[in-house]
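I need the structure of the sequence given here:
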Amino acid sequence: MWLLSSLLALLFVCLLFTLCFKPVKIGNMSMYSTLKEGELVLVDCLRIHLKNLGRGEMVAYRDPVSGEILIKRVIGLGGETIRAENDTIYINEDFRLEENFVIAGGLNFSTLTIPKGSVFVLFDNRHYENGITNRGLEFVRMEDIIGVVGLRIWPFSFFSVKAEKDTTY
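From the prediction side, this is the model:
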């Protein structure tokens with residue numbers, strides 16, 4: 001009887017884990033230096049439905065072009081205007097975003113309005129962002145977001161509960 005109870009409990013935990021978390025391997029240097037190529041993170045798929053996203057959070061979503069899972073940082077929220085001038089990001093023209101962790105890459109774009117129900121996302125490594133130019137400036141619909149990056153689990157030497165936000169969001 002205890003064996004059956006143990007197996008059912010293990011099955012329940014595995015099912016819950018599968019539904020709530022998704023492991024994602026970082027496949028490029030787009031989020032360097034926050035996340036490095038080869039690291040493994042757990043994406044919390046449940047949190048996105050329980051709490052509103054905040055500026056500065058890292059989210060995972062499926063790229064509509066390639067189908068791969070991308071991780072980017074939320075920079076702007078639905079209804080806001082956003083522009084970039086020499087790597088400085090301005091939100092609603094009066095708020096200057098301070099991003100101490102970003103690798104500058106000469107990011108410039110004119111004022112954009114973020115559609116309601118979407119967020120504006122960018123890579124932390126703006127050199128990488130500029131390498132994919134037009135695809136780098138993306139509005140991601142909330143329903144396309146898989147979840148929020150919550151745990152860095154590999155390599156164990158860099159295990160952390162959440163990649164820190166070193167910014168004044």
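
what about Gly147, how many residues close to it?
21 (other Cβ atoms under 10 Å). (Each C-beta comes from the backbone N, C-alpha and C, glycine too.)

ok, now Ser66?
Neighbours of Ser66 using other Cβ under 10 Å come to 9.

Roughly how far does it sit from Ile146?
In this view, Ser66 and Ile146 are 15 Å apart by Cβ to Cβ, to the nearest Å.

Ok, Glu85 next?
For Glu85, the distance to Ile146 equals 31 Å [Cβ to Cβ].

same thing with Val65?
Separation of Val65 from Ile146 (Cβ to Cβ): 16 Å.

again with Ser5
Per Cβ to Cβ, Ser5 is found 33 Å from Ile146.

Which residue of those two possesses the greater neighbour count?
Ranked by neighbour count (other Cβ under 10 Å), Ser5 and Ile146 place Ile146 first, with 17 against 9.

Wait, the more buried one touches Arg62, no?
Yes: counting by Cβ atoms under 8 Å, Ile146 touches Arg62, with 6.7 Å between them.

Can you work out which residues contact both of those two?
Ile69 (Cβ atoms under 8 Å, 6 or more residues apart in numbering).

hmm, who's touching the longest helix seen in the chain?
Counting by DSSP state H, the longest helix found in the chain is helix 2-20. Residues outside helix 2-20 that contact it (Cβ under 8 Å, 6+ apart) are 44-46.

switch the cut-off to 6 Å
Under the contact criterion Cβ atoms under 6 Å, 6 or more residues apart in numbering, helix 2-20 has outside partners 45-46.

Whichever helix or strand comes after it - contacts with which helices or strands?
Toward the C-terminal end, the helix or strand that comes next after helix 2-20 (DSSP states H and E) is strand 21-25. Packing partners of strand 21-25 (3 or more Cβ pairs under 6 Å, 6 or more residues apart in numbering; DSSP states H and E): strand 40-44.
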